[in-house]
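Asker: Dropping a prediction and its sequence here:
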Amino acid sequence: MAYDYDIAVIGGGPAGYAGAIRAAQLGKKVVCVERDKLGGICLNWGCIPTKALLTNAHLVELLRDHGKNFGFEGQSAWNFSQMIGRSRAVASKLNKGIEGLFRKYKVGSKFGVAKVTKPHTVEVGGETFTAESIVIATGVRPRPLPGAEFDGKTIISYKEAMSLPTQPKSMLIIGGGPIGLEFGYFYNAVGTKVTLVELLDRVLPGEDEEISAALRKSLEKRGLVIHTGSKTSSIEKTATGVKAVIETPNGKQTVEAETMLVSIGVNANVEGLFGDSVKVELYKNHVKVDPKNGFVTSVPGIYAAGDVIGPPWLAHVAHHESLCCIEWICGHSKRTVDYSTIPGCTYTDPGVASVGLTEKAAREAGHKVRIGKFPFLASGRAIASDETEGFVKLVFDDATGELLGAHLIGSQATELIAELVMAKRLEATEEEIVHAMHPHPTYSEAIMEAAAQGLGESVHI
């Protein structure tokens, strides 16, 4: 059978657009279908524009809290709408960049809601076309809090949080994961009174316990009010915003705020995606795939990658899944994603980054561990920048010296983690990290010093 396209990719986010470009590089005729803007949530409403806002927050805090140390004697004034406007402009610029890449590699694009009506057949609006292979990369959307549906104004998701027309005086955030903490950090830095509620016993519950505790201490010192082991028992809209009753370990509290941001998880975008004759199997409402077999679904010729197949819902994971999937389809490579070396990043200030096992998880897995730690307070480069908060914590197997996990908190944590992802992927030992010469003065020396401290060889602490 002759198909209109070799590969049709449904979704234009980090998985979709990257996969479409890679397929074109490998000589395939490709079309990418996107219902909104190329780049998906990540580029347009998530990863990229939030970092623009967080950069603003860092600048605000730098001048306000450290300005005198650098000789700044003036008074800073900030325009909230301009902060939001710059963030949107960054997203728009990158969106146009993807359009340019599509033209460069001759990737076709269609805009609208897609449906796989039958095997090898996709419908977008009133148009139907065929493809030998179909890749589902439709991503996810925010999950609402039961009894408090999103209204886009008072009860909002991250999408509205980064484009509010005016700065709220107060904000209640439900969820202490990366999204909740990043917006909590931003809004607190620019002067909004922020209260954050997390159901589990600590913020960033997936991170190392020491890291979670250090971040909470830092954010509370900055003014955030954080309730862990807590939940909302009732929420009502008021004339001025919302009123919520919070059940905390210390009893019930009532919190009133102009805006409530809900960041408690996501739902996969699978509704209406498949026709009745397309029996693609779902797992916990995500598309079920075989990651070791090219991310194929239960239906031959239909594949899926990215957030739509389930956690971890991270743009860099989606990107790599998509490339592996496409290369498998094209017969180029049968490589798979190494899920043991996924970096996690939270872009607060101080930032948090990690890869591999936490200390607790390593011990529970039966490892006798050796810990290496180094504080940025002892880093000459950090002192020079007045960014001494945080530390590097490395987890090694005591018998072999192999790096099992790395956990960082500090202003440069999300940049430094890449070295440790590489080290873990290459099964580096602490001696190899120590003997890899790090330039001076840099923040990265803290990694070398942490490994040395684990061996009792650090010369700076």
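Answerer: Arrived safely, thanks for sending. Numbers count the residues shown, from 1 in each chain.
Asker: Please tell me I have it right and Lys231 contacts Ile246.
Answerer: Yes: taking contacts as C-beta atoms under 8 Å, Lys231 lies within contact range of Ile246: 7.3 Å. Bear in mind the C-beta positions are built from the backbone N, C-alpha and C, glycine included.
Asker: Quick check: neighbours shared by these two?
Answerer: In terms of C-beta atoms under 8 Å, 6 or more residues apart in numbering, Lys231 and Ile246 are both contacted by the residues Val197.
Asker: higher neighbour count, those two?
Answerer: In this view Lys231 and Ile246 are compared by other C-beta atoms under 10 Å, and Ile246 has more residues nearby, 20 against 14.
Asker: so who does that one touch?
Answerer: Val197, His227, Ser230, Lys231, Thr232, Ser233, Lys252, Gln253, Thr254, Val255.
Asker: Stretch 279-297: which residues count as buried?
Answerer: The neighbour-count check on stretch 279-297 (16 or more other C-beta atoms under 10 Å) flags Val280, His286, Val287, Val289, Gly294, Phe295, Val296, Thr297 as buried.
Asker: wait, the third one sits on Thr297?
Answerer: Meaning Val287. Yes: in this structure, Val287 is within contact of Thr297 by C-beta under 8 Å, at 6.0 Å.
Asker: what's the overlap in contacts for these two?
Answerer: Jointly contacting Val287 and Thr297 under the rule C-beta under 8 Å, 6+ apart are Ile136, Val280, Glu281, Ala304.
Asker: can you tell me which two in those are farthest apart?
Answerer: Spanning the widest gap among those are Ile136 and Glu281, at 12.2 Å by C-beta to C-beta.
Asker: what residues do these two have in common as contacts?
Answerer: When contacts are counted by C-beta under 8 Å, 6+ apart, Ile136 and Glu281 have Val287, Thr297 as shared neighbours.
Asker: Any figure for the gap between the residue nearest in space to the middle of the chain and Arg425?
Answerer: When C-alpha atoms, centre = their mean is applied to the chain, the residue found nearest the centroid is Leu314 (4.8 Å). With distances taken as C-beta to C-beta, to the nearest Å, Leu314 is found 16 Å from Arg425.
Asker: Helices of the stretch 101-250 of the chain, residue ranges please.
Answerer: 158-161, 178-189, 209-222 (DSSP state H, counting those that start in this stretch).
Asker: Packed most tightly, which of those helices would that be?
Answerer: With neighbours defined as mean count of other C-beta atoms under 10 Å, the helices of the stretch 101-250 of the chain peak in mean count at helix 178-189, which reaches a mean of 25.
Asker: name the helices or strands packed onto the helix or strand hosting Lys360?
Answerer: Element membership for Lys360, per DSSP states H and E: helix 359-364. If contacts are counted by 3 or more C-beta pairs under 8 Å, 6 or more residues apart in numbering; DSSP states H and E, helix 359-364 sits against helix 209-222, strand 369-375, strand 391-397, strand 403-410.
Asker: Make TSV out of the ones you listed and add mean pLDDT.
Answerer: TSV is the format used below for the helices and strands packed on helix 359-364 (pLDDT from 0 to 100):
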stretch	mean pLDDT
helix 209-222	98
strand 369-375	98
strand 391-397	98
strand 403-410	98
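Asker: For the ones you listed, give me JSON lines that also has distance to His440.
Answerer: Formatted as JSON lines, these follow (distance: least, C-beta to C-beta, whole Å):
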{"stretch": "helix 209-222", "distance to His440": "25"}
{"stretch": "strand 369-375", "distance to His440": "14"}
{"stretch": "strand 391-397", "distance to His440": "16"}
{"stretch": "strand 403-410", "distance to His440": "17"}
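Asker: Turn the buried residues of stretch 279-297 into TSV, including secondary structure and distance to Lys373.
Answerer: TSV is the format used below for the buried residues of stretch 279-297 (DSSP: H, G, I helix; E, B strand; the rest coil; distance: C-beta to C-beta, whole Å):
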residue	secondary structure	distance to Lys373
Val280	coil	47
His286	strand	37
Val287	strand	41
Val289	coil	39
Gly294	coil	41
Phe295	coil	38
Val296	strand	44
Thr297	coil	44
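Asker: What distance separates the opening and closing residues of stretch 226-233?
Answerer: One end of stretch 226-233 to the other measures 17 Å (C-alpha to C-alpha, to the nearest Å).
Asker: Between strand 391-397 and the helix or strand containing Lys424, find me the angle.
Answerer: Secondary structure from DSSP H and E places Lys424 in helix 413-425. With axes from the mean of the first three to the mean of the last three C-alpha atoms, to 10 degrees applied, the angle from helix 413-425 to strand 391-397 works out at 10 degrees.
Asker: domains of the chain?
Answerer: 5-142+267-339, 155-264, 350-454 (automatic domain parsing).
Asker: okay, now Val90: neighbour count?
Answerer: 17.
Asker: show me the contacts for the residue nearest to it when sequence neighbours are not counted.
Answerer: Distances taken as C-beta to C-beta, 6 or more residues apart in numbering place Ala52 nearest to Val90, at 4.6 Å, with adjacent residues excluded. Contact analysis of Ala52 by C-beta under 8 Å, 6+ apart lists Arg86, Ser87, Val90, Ala91.
Asker: can we see that at 7 Å?
Answerer: Counting by C-beta atoms under 7 Å, 6 or more residues apart in numbering, Ala52 touches Arg86, Ser87, Val90.
Asker: ok, now Ile173?
Answerer: Contacts of Ile173 by C-beta under 7 Å, 6+ apart are Gly180, Phe183, Gly184, Val194, Leu196, Leu261, Ser263.
Asker: That one and Ala244: what is the separation?
Answerer: As judged by C-beta to C-beta, Ile173 and Ala244 stand 11 Å apart.
Asker: before we move on, what about Glu271?
Answerer: As for Glu271, its distance to Ala244 is 29 Å (criterion: C-beta to C-beta).
Asker: Between those two, which is the more surrounded one?
Answerer: Neighbour count, other C-beta under 10 Å: between Glu271 and Ala244, Ala244 has more, with 22 against 10.
Asker: Is the more buried one bridged to anything, and to what?
Answerer: Ile235, Val255 (DSSP bridges).
Asker: ok, now which ones touch it?
Answerer: Here Ala244 is in contact with Leu172, Thr232, Ser234, Ile235, Val255 (C-beta under 7 Å, 6+ apart).
Asker: now do 6 Å
Answerer: Leu172, Thr232, Ile235, Val255 (C-beta atoms under 6 Å, 6 or more residues apart in numbering).
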